[in-house]
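Engineer: Starting from these lines, generate the structure:
(2 chains)
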Amino acid sequence: DTGVSQDPRHKITKRGQNVTFRCDPISEHNRLYWYRQTLGQGPEFLTYFQNEAQLEKSRLLSDRFSAERPKGSFSTLEIQRTEQGDSAMYLCASSLGGGGLYEQYFGPGTRLTVT
Amino acid sequence: AQSVTQLDSQVPVFEEAPVELRCNYSSSVSVYLFWYVQYPNQGLQLLLKYLSGSTLVKGINGFEAEFNKSQTSFHLRKPSVHISDTAEYFCAVIKNTGFQKLVFGTGTRLLVSP
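Structural biologist: Numbering: from 1, shown residues only, chains lettered A, B, ... in the order given. Take a look at the predicted model:
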């Protein structure tokens, strides 16, 4: 059981730089989710893919954020022109199907620090 | 929209004592309910979930939760905690129709001391 993996685990960047995170879901899972978790808060939904199609985006996902899932496998989340407010843990999750009937399995997260 | 309230940001407890972590939710539609645990520097792990049926749900590591529809609550309990239960616990809901995203509470840090 390889689980959901995320890379890198930690990223420190300077304000204004671009960063890209990668998520590898469990191989047979067709649904992939991105969440953001700031200090002292629970995870907040950012976006969701079913196979390669991005079906939902939160209002939290500003124009500086873009996510892709080419070929319905791994996913990338890019943040352009990072700001200090982007500092957070970015979590990826995957599931075999939709809704509460199918468990979302979470990766270990990528912790972003913007200086 | 759905929302989840975890009023206790931190709950200190001694080892082998019982514990209850409180969760209340608000939703205009029916929801499924979940408890997740997050250990330091790790992702979230599902403890238990309520979809339908019996309102008392048993999960992993000896945890259980009771769904109370009239009080819109889903409190998590364990009769005897261990040091290893020290972690952050998140209650979450997901609506059972349409697009379904997890909506989390702010979390409760359980601190178990010897």
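Engineer: contacting residues around the residue most central in space within chain B?
Structural biologist: The C-alpha lying nearest the average C-alpha coordinate of chain B belongs to B:W35 (Cα atoms, centre = their mean; 3.4 Å). Going by Cβ atoms under 8 Å, 6 or more residues apart in numbering or on different chains, B:W35 touches B:21, B:23, B:46-49, B:59, B:63, B:65, B:74, B:76, B:89-92. From N, CA and C alone the C-beta is placed, and that goes for glycine too.
Engineer: my guess is A:D86 contacts A:R111, does it?
Structural biologist: No: under the contact definition of Cβ atoms under 8 Å, A:D86 does not touch A:R111, with a separation of 11.6 Å.
Engineer: Neighbour count: the two, which is higher?
Structural biologist: A:D86 (20 against 17; other Cβ atoms under 10 Å in any protein chain shown).
Engineer: which among the contacts of B:W35 are in contact with chain A?
Structural biologist: Among the contacts of B:W35, the residues that sit close to chain A (Cβ under 8 Å from any Cβ of the partner chain) are B:L46, B:K49, B:F90, B:A92.
Engineer: tell me which of those residues is nearest to A:Q37?
Structural biologist: Within the ones next to chain A among the contacts of B:W35, proximity to A:Q37 (Cβ to Cβ) peaks at B:F90, which comes in at 9.4 Å.
Engineer: Neighbours of that closest one, how many?
Structural biologist: Look at B:F90: counted by other Cβ under 10 Å, it has 26 neighbours.
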